[in-house]
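Colleague: Sequence below, structure please.
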Amino acid sequence: MVIERCITLGIVEQIVSFGNDLLWSYVLIILLIVLGLYFTFRTKFVQFRLIGEMVRLLGEGTHVSKDKKKSVSSFQAFCISTASRVGTGNMAGVAIAISLGGPGAVFWMWLIALIGSASGFVESTLAQIYKVKDGSSFRGGPAYYMEKALGQRWMGILFSILITLCFGLVFNAVQTNTMALAFENAYSIDRGVFGIIIVACLALIIFGGIKRIAQVTQWIVPIMAVAYILVAMFVMLINFKMIPSVFSLIFSEAFNFEALASGGLGAAMMEGIKRGLFSNEAGMGSAPNAAATADVTHPVKQGLIQAMGVFTDTLLVCSSTAFIILFSKSYTSGNLEGIELTQHALSSQVGPWATNFVAITILLFAFSSLIGNYYYGETNIEFINQRKIWVFLYRLAVLGMVLFGAHAQIDIVWNMADLFMGTMALVNLIAIMLLGKYAFAALQDYIHQKKEGKNPVFTRNSIPGLKNVECWEEEDTQNQQSANQA
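Modeller: Sure, this is the predicted structure:
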């Protein structure tokens, strides 16, 4: 998500503004990498050995039984998180990574996604374990497991405030700003009028609650991702003979130690790592808010699906942009950056119509992010105070920021947003580091039941010492219900 500010800010601001301190950015990156590696080893490389199970579960999640029609399916929860995760940064951020760090940045972007997916698994599994009932559905996330598992409500409130300000308000203003600029340039549509249209469409969705949000995102996300990936595949097809040389370029530039003295290798590593981390959001505490909404029989199921979301964001969508740019060699000109580089690269491959295609794609990417970002704020507002008036006021604030973002320059608020998001990520990383043992135990329980040929079912007794769990029944109760059904 942080990537997406590049569209409205200059390159200098993008590099130095995170937390108003470059050192803060490096510290956070190092912590994300170290914990990603730790979770990878402790889960015995869950993101690789259970990739087949991830795909199976995602397909299983599209089928909802009649008695669960009012709940959120695992596939819909996956789409909510992907709606926020896959934004305009997947098109502009990757372009900036390549323009600043060269082709080698793509390799480091891939690597960090492979590592970070383990963190995504842990935080989303924890969100499922400690979710709470919300009418006919569920809600949860980092704030909830901070309160219930760690007993630190103040920590949960701090996280809730930070994510609401970042995702619900500021980032949504930036998304609208991006869409308005793209349509103003492509179709000469007045930015103010465009903002009003977006506000009206968003209001119809967010005032419908989590179920309507889930229903909308489960259509928008697959359509936008598949359309963009299909265009990228077409570009790869017409440049089929260049594919080996592009892969060779990526790997050679990623380990170009001759460029170490000039800082080229360091630029490739840092740009790739930063774009990967801040694009897929693994470990940053945003996706677990969506993961908690799913109605599944075992927390690990949604943990695996959300780990796959990291792959979807970086290995599919970001890689699509990377190959389009590298095939065109537009990045070598030095005159283009961000979304302009992506538009020029795609136009050079498929024709002038690509400019309009990119504008439409930005609309879908950014609008889906509005929806996902909004929900992250809503569920955290409800954590702080469940009175409906606060959610209503939050919705009005979101719509106001969306309208503001359509026609205003928002450089001033970005420094605040960067600091809030860095702090938010730090708070979540501390929590999942302390609570990771419960995710590891849940994974062992899941694998054990799978080996016995069962459809894994989680209970409060599945993990010794588990406490303050609301939405998972006792084992004796579960057995009694199964006996009655038999």
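
Colleague: pLDDT weak spots in the stretch 301-450 of the chain?
Modeller: 333-340, 343, 354-355, 408-420 (pLDDT under 70).

Colleague: can we see that at 50?
Modeller: Within the stretch 301-450 of the chain, no stretch falls below the threshold (pLDDT under 50).

Colleague: hey, where'd the helices end up in it?
Modeller: Secondary structure of the stretch 301-450 of the chain by DSSP state H, counting those that start in this stretch: the helices cover 319-328, 338-350, 353-384, 388-407, 411-451.

Colleague: Which neighbouring elements make contact with the last one?
Modeller: In other words, helix 411-451. In terms of contacts (3 or more C-beta pairs under 8 Å, 6 or more residues apart in numbering; DSSP states H and E), helix 411-451 is packed against helix 22-42, helix 104-129, helix 142-148, helix 153-163, helix 299-311. Just so you know, the C-beta spots here come from the backbone N, C-alpha and C atoms, and that holds for glycine as well.

Colleague: ok, how many other residues are close to the nearest residue to W390 once chain neighbours are set aside?
Modeller: Nearest residue to W390 in three dimensions, chain neighbours excluded: I381, at 5.5 Å (C-beta to C-beta, 6 or more residues apart in numbering). Neighbourhood size, I381 [other C-beta atoms under 10 Å]: 22.

Colleague: residues touching I381, list them.
Modeller: Listed by C-beta atoms under 8 Å, 6 or more residues apart in numbering, the contact set of I381 reads 160, 164, 390-391, 394.

Colleague: quick one: it and A290, what's the gap?
Modeller: Distance of I381 to A290, given as C-beta to C-beta, to the nearest Å: 15 Å.

Colleague: cool, and I98?
Modeller: 29 Å.

Colleague: before we move on, back to that, can you pick the most crowded of the contacts of I381?
Modeller: Each of these was scored for neighbours by other C-beta under 10 Å, and S160 scores highest at 27 neighbours.

Colleague: give me every residue that touches that residue.
Modeller: 143, 380-381, 383-384.

Colleague: of those residues, buried ones?
Modeller: 143, 380-381, 383 (16 or more other C-beta atoms under 10 Å).

Colleague: In the residues you listed, find the pair that's most separated.
Modeller: Greatest spacing in the buried ones among the contacts of S160, by C-beta to C-beta: A143 and I381 (10.3 Å).

Colleague: if we can go back for a sec, okay, I98 and A290: which has more neighbours?
Modeller: When neighbours are counted by other C-beta under 10 Å, A290 comes out ahead of the other of I98 and A290, with 35 against 31.

Colleague: Now for that one, which secondary structure element holds it?
Modeller: For A290, the host element (DSSP states H and E) is helix 287-291.

Colleague: Put the alpha carbons of that helix into CSV.
Modeller: The C-alpha coordinates for helix 287-291 follow below in CSV (Å, rounded to 0.1, in the frame of the first residue of the first chain):
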residue,chain,number,x,y,z
ALA,A,287,-5.0,-8.6,5.9
PRO,A,288,-5.9,-10.3,9.3
ASN,A,289,-8.9,-8.0,9.6
ALA,A,290,-10.3,-9.6,6.5
ALA,A,291,-9.2,-13.1,7.3
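
Colleague: Out of the helices and strands packed on helix 411-451, the one nearest I206 is which?
Modeller: When the helices and strands packed on helix 411-451 are compared by C-beta to C-beta, helix 153-163 sits nearest I206, at 16.3 Å.

Colleague: Can you name every helix or strand that the strand or helix carrying V193 contacts?
Modeller: In this structure, V193 sits in helix 191-206 according to DSSP H and E. Counting contacts by 3+ C-beta pairs under 8 Å, 6+ apart, helix 191-206 packs against helix 172-187, helix 209-238, helix 353-384, helix 388-407.

Colleague: In the stretch 1-150 of the chain, where is pLDDT below threshold?
Modeller: In the stretch 1-150 of the chain, residues with pLDDT under 50: 1-21.

Colleague: and if we set it to 80?
Modeller: In the predicted model of the stretch 1-150 of the chain, residues 1-29, 58-102, 134-137 satisfy pLDDT under 80.

Colleague: Then V296 would be within a strand, right?
Modeller: No - according to DSSP: H, G, I helix; E, B strand; the rest coil, V296 belongs to no strand; its state is coil.

Colleague: and the gap between it and V94?
Modeller: Computed as C-beta to C-beta, the V296 to V94 distance reads 32 Å.

Colleague: Counting neighbours, go ahead and name the busier of those two.
Modeller: Set side by side, V296 and V94 show more neighbours around V94, with 32 against 24, by other C-beta under 10 Å.

Colleague: and the more buried one, what element?
Modeller: helix 89-101.

Colleague: now the helices and strands packed on helix 191-206 as CSV including distance to S245?
Modeller: Listed next are the helices and strands packed on helix 191-206 as CSV, based on distance: least, C-beta to C-beta, whole Å:
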stretch, distance to S245
helix 172-187, 32
helix 209-238, 13
helix 353-384, 23
helix 388-407, 41
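
Colleague: and of the ones you listed, who's closest to M155?
Modeller: Of the helices and strands packed on helix 191-206, nearest to M155 by C-beta to C-beta is helix 353-384, at 11.4 Å.

Colleague: Specify the angle between the closest one and helix 191-206 in degrees.
Modeller: Helix 353-384 runs at 50 degrees relative to helix 191-206, counting by axes from the mean of the first three to the mean of the last three C-alpha atoms, to 10 degrees.

Colleague: Start at 51, not 1
Modeller: Got it, the first residue is 51 from now on, which makes the last one we talked about helix 403-434.

Colleague: Now do the buried residues in helix 403-434.
Modeller: Buried residues in helix 403-434, counted by 16+ other C-beta under 10 Å: 404, 407-409, 411-433.
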